[in-house]
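[1] Give me coordinates for this.
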Amino acid sequence: MEKSLFLSALLPFMLLLGFFNQDNTTVNETAVYLEDVSQKPLAEELKCSDCHSDLIESAVVHGPASQSCDNCHNVDIKEHAENGARGLNLVKEVPELCYTCHEEIKTDLSSLPQVHLAMNSGCTSCHSPHSSDEKNILVAQQKKLCLSCHNKDVTATGEKTVNIKKLLSYSKVVHPPVEGGCVVCHQPHASQNNYLLISAFPKGNYVPAVRDTFAFCWECHDSDLLEVAQTTSATNFRDGERNLHFVHMNGPKARSCIMCHNVHASANEHLIEDKVKFGNWELPIRYIPNENGGSCFPGCHAEKTYTR
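    So this is what the prediction gives:
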């Protein structure tokens, strides 16, 4: 039986490479042999794992694949043994097949306002359908997988995401959550929140100072940054006890975090951007840190210093 499968698989390549005589004697003999094999009850004798056990040998095995191949495939074992890929079809097209088990993903994609552009490429662009050495049966290590697309500027729904891989490569300071992987902050499929974030964060540079609007920041940071005018602990960006985050984020020109910080990485301490956008202008921030504080001299105000 193993011999028949082996010859069936090699036959096209042997023909191509000229292993058989011009009189087709060997070809005819092989064809007769395969025809004889085709009369045997292969479905009773063969299992998918006899040839494809390697597909489920990785550390994390997809549940349906570990149970039975016919969870996802219509298998005509006789046709498959004789003609390779023929006789092996999916019971439904992807992604509808995946939604058979992952209905919550389908619901999210149809109901949530922010959908990851990668979903257009299909589930198997990111996930192995059989097994993987990575969590969630990803086809590569999670951060590496994300950067395989985010290695260039990406424009989706009219918005531009810069080349994250390049940014990380030359930046002096990387936001610690980034080191843990992209899904620490972002939903991989769809989200209720801007930028596919796990919780709320606003768009734009000028945003009313409302605590819930910046819920994402408070996953790690103290909300006193926004809410308390005087502090000795909520932030190091203070002049004595005067909370300079509070100063910048409150008032008639309440500024968002991204006005001054890059949320992924930066060439400057504290993830300070090189420039701040003001309409169509880009104004240099010229931030200079020191042991007890620092200074900045942007286009939006004269040079100012602060000392903790």
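[2] Could you tell me which residues make contact with residue 147?
    By C-beta atoms under 8 Å, 6 or more residues apart in numbering, the contact set of residue 147 is 164-165, 168. For the C-beta atoms, the positions are set from N, CA and C on the backbone; glycine is no exception.
[3] out of the residues you listed, which is most surrounded?
    residue 164 (21 neighbours; other C-beta atoms under 10 Å).
[4] Check the secondary structure at the closest residue to that residue other than its chain neighbours for me.
    Excluding its sequence neighbours, the residue lying closest to residue 164 (C-beta to C-beta, 6 or more residues apart in numbering) is residue 150, at 4.1 Å. What DSSP: H, G, I helix; E, B strand; the rest coil gives for residue 150 is coil.
[5] what's the closest of the contacts of residue 147 to residue 198?
    The nearest member of the contacts of residue 147 to residue 198, counting by C-beta to C-beta, is residue 164 at 17.3 Å.
[6] ok, now how distant is the residue nearest to residue 164 from residue 178?
    Distance, residue 150 to residue 178, using C-beta to C-beta, to the nearest Å: 11 Å.
[7] Those two: who's more crowded?
    Summary of the neighbour comparison: residue 150 and residue 178, criterion other C-beta under 10 Å, with residue 150 having more neighbours (21 against 18).
[8] show me what contacts the more buried one?
    161, 163-165.
[9] With pLDDT, secondary structure and distance to residue 87 as new columns, can the contacts of residue 147 be given to me in TSV?
    TSV is the format used below for those (pLDDT from 0 to 100; DSSP: H, G, I helix; E, B strand; the rest coil; distance: C-beta to C-beta, whole Å):
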residue	pLDDT	secondary structure	distance to residue 87
164	96	helix	43
165	96	helix	42
168	96	helix	46
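[10] So which residues make contact with stretch 123-137?
    55-62, 65, 72, 94-95, 98, 118, 138-142, 145, 188.
[11] what about burial for those, which qualify?
    Listed as buried from the contacts of stretch 123-137 are 55, 61-62, 65, 72, 95, 98, 118, 138, 142, 145, 188; burial here means 16 or more other C-beta atoms under 10 Å.
[12] how does this protein divide up, domain by domain?
    Following automatic domain parsing, one finds the domains of the chain at 2-90, 199-307.
[13] quick one: the last one to chain centroid distance?
    Averaged C-alpha coordinates place domain 199-307 at 28 Å from its chain's average position (C-alpha atoms, centre = their mean, to the nearest Å).
[14] Go through the buried ones among the contacts of stretch 123-137 and name the one nearest residue 270.
    residue 142 (26.5 Å).
[15] leaving aside the residues next to it on the chain, what's closest to the most centrally placed residue in the chain?
    The residue lying closest to the centre of the chain (C-alpha atoms, centre = their mean) is residue 146, at 4.0 Å. Nearest in space to residue 146, with sequence neighbours left out and distances taken as C-beta to C-beta, 6+ apart, is residue 182 at 4.5 Å.
[16] Quick check, the one you found in contact with residue 138.
    No - counting by C-beta atoms under 8 Å, residue 138 is not a contact partner of residue 182; they are 11.5 Å apart.
[17] contacting residues for residue 226?
    Residue 226 makes contacts with 209, 211, 214, 245-246, 249-250, as judged by C-beta under 8 Å, 6+ apart.
[18] Check residue 228 too.
    Contacts for residue 228 (C-beta under 8 Å, 6+ apart) come out as 234, 243, 246.
[19] Using JSON lines, lay out the residues you listed together with neighbour count and distance to residue 282.
    Compiled in JSON lines, the contacts of residue 228 are given as follows (neighbours: other C-beta atoms under 10 Å; distance: C-beta to C-beta, whole Å):
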{"residue": "234", "neighbour count": "19", "distance to residue 282": "30"}
{"residue": "243", "neighbour count": "24", "distance to residue 282": "27"}
{"residue": "246", "neighbour count": "22", "distance to residue 282": "26"}
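[20] for the residues you listed, which one is nearest residue 105?
    residue 234 (38.4 Å).
[21] For the closest one, which three-state class applies?
    With three-state DSSP as the criterion, residue 234 reads coil.
[22] Need the nearest residue in space to it, chain neighbours excluded.
    residue 224 (3.5 Å).
[23] Perfect, that will be all.
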